[in-house]
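Asks: Predicted coordinates and the sequence they were generated for:
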Number of protein chains: 2
Amino acid sequence: MLSQTVEYALRAVVHLADHAPEARTTDQIAEATHVPKPYLSKVLQGLARAKIVHSRRGAGGGVTLAKTPDKLTILEVVNALEPLPRIRECPLGLAAHGVRLCPLHKRLDDAFAIMEKAFRQTTLAEILAEPTSSRPLCEGPKRIRLK
Amino acid sequence: MLSQTVEYALRAVVHLADHAPEARTTDQIAEATHVPKPYLSKVLQGLARAKIVHSRRGAGGGVTLAKTPDKLTILEVVNALEPLPRIRECPLGLAAHGVRLCPLHKRLDDAFAIMEKAFRQTTLAEILAEPTSSRPLCEGPKRIRLK
DNA sequence: CAGGAATTGGATGTCAAGGTCCATTTCGGA
DNA sequence: TCCGAAATGGACCTTGACATCCAATTCCTG
């Protein structure tokens, strides 16, 4: 559910939003989010292809958000890398083309629809503005067991 | 999202509920649900281990639901094979043990919680009783492209 | 314009999910 | 009691997700 890749992407994007509009290097993001740097670079490439972030090479380069945090939703980030699996037609591949799903798949898709809605309504800015004590990425000086 | 295995399990269980309390063989279920028989047998074994279904070997054997359809929920089936990934502590492995999640992971877990609730409220009987024309498994004589 | 900082792209490795196959065990019926 | 129907368990194969590493490219700065 929500692949590891998406989890990593969300952490990275939250970090970028937290520092917007300044650019951050892959190393800085990797350290802050505890994502393996080599893999993070791939994830970031994916986000760049999807126009979620911009990246600039060379000295002084790094990654920045393509939008301001108040215009970027969780859904956009999720869908950029692994679209929510909405069920649009009978997975059994039978008749019903565009026709409404059988009760089982209707229920499942309803659940995904609710998730999609929740994600579409949440912007990065909202996450950062949350009136809570704990910082968005649980950042802190002490790093414990990664498991 | 919701692995293929879970999708197969749900189809199988719906089929069993539709024929309850009679036993169905793996072959019968495989044909009705369009799930590859060899793999279906593994899925069914998993459901049996989780006490969702009973299975009897030998001639006249087959698989039956362990509960009546009105007492079996989608959530039970899902959790038997791949529990919904509720986020109980900071995935970054930092401090906050049992403490409340950072805003990002709180939002994600909220979405899973909603899904969980929806699944817990839906019984197999409800799915079968749905006032709709299309049968639960989109069953029908004509089999089209599986893709 | 040279050197280092930084992303990019490609090749490669690892592991679990999905899927198949077969020998074995279990059980009903003739 | 014997045969065939049926699930079981284990071995095996394939593919994609996750992850790593390195050479090439880009571009700022002195």
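Replies: Yep, it's here.

Asks: check whether the helix ranked longest in chain A contacts chain B.
Replies: Assignment by DSSP state H gives helix A:103-121 as the longest helix of chain A. Yes. Judged by Cβ under 8 Å from any Cβ of the partner chain, helix A:103-121 comes into contact with chain B at A:103-108, A:110-112, A:114-115, A:118-119. Backbone N, C-alpha and C define where each C-beta goes, glycine included.

Asks: Lowest-confidence one in those residues?
Replies: Within the residues of helix A:103-121 next to chain B, pLDDT reaches its minimum at A:Pro103, with 89.

Asks: ok, the residue nearest to it when sequence neighbours are not counted - how many residues close by?
Replies: Among residues not flanking A:Pro103 along the chain, B:Glu130 sits closest, at 3.7 Å (Cβ to Cβ, 6 or more residues apart in numbering or on different chains). Using other Cβ atoms under 10 Å in any protein chain shown, the number of residues around B:Glu130 comes to 15.

Asks: what's the pLDDT at B:Glu130?
Replies: With respect to pLDDT, B:Glu130 scores 70.

Asks: That one against A:His105, yeah?
Replies: No. Using Cβ atoms under 8 Å, B:Glu130 makes no contact with A:His105, being 11.2 Å away.

Asks: thinking again about what came up before, of the residues of helix A:103-121 next to chain B, just say which sits nearest to B:Ala17.
Replies: A:Leu104 (10.2 Å; Cβ to Cβ).

Asks: Model confidence score at A:Arg11, please.
Replies: Reported pLDDT for A:Arg11: 95.

Asks: Secondary structure of it: a helix, I assume?
Replies: Yes. Counting by DSSP: H, G, I helix; E, B strand; the rest coil, A:Arg11 is part of a helix.

Asks: who touches the nearest residue to it once chain neighbours are set aside in this structure?
Replies: Leaving aside its sequence neighbours, A:Arg11 sits nearest to A:Thr33 (Cβ to Cβ, 6+ apart; 3.9 Å). Contact analysis of A:Thr33 by Cβ atoms under 8 Å, 6 or more residues apart in numbering or on different chains lists A:Tyr8, A:Arg11, A:Ala12, A:His15, A:Leu40, A:Leu137, B:Leu92.

Asks: May I ask which helix or strand encompasses the fourth one?
Replies: Under DSSP states H and E, the secondary-structure element containing A:His15 is helix A:4-19.

Asks: what angle separates that helix from helix B:103-120?
Replies: Interaxial angle, helix A:4-19 versus helix B:103-120 (axes from the mean of the first three to the mean of the last three Cα atoms, to 10 degrees): 140 degrees.
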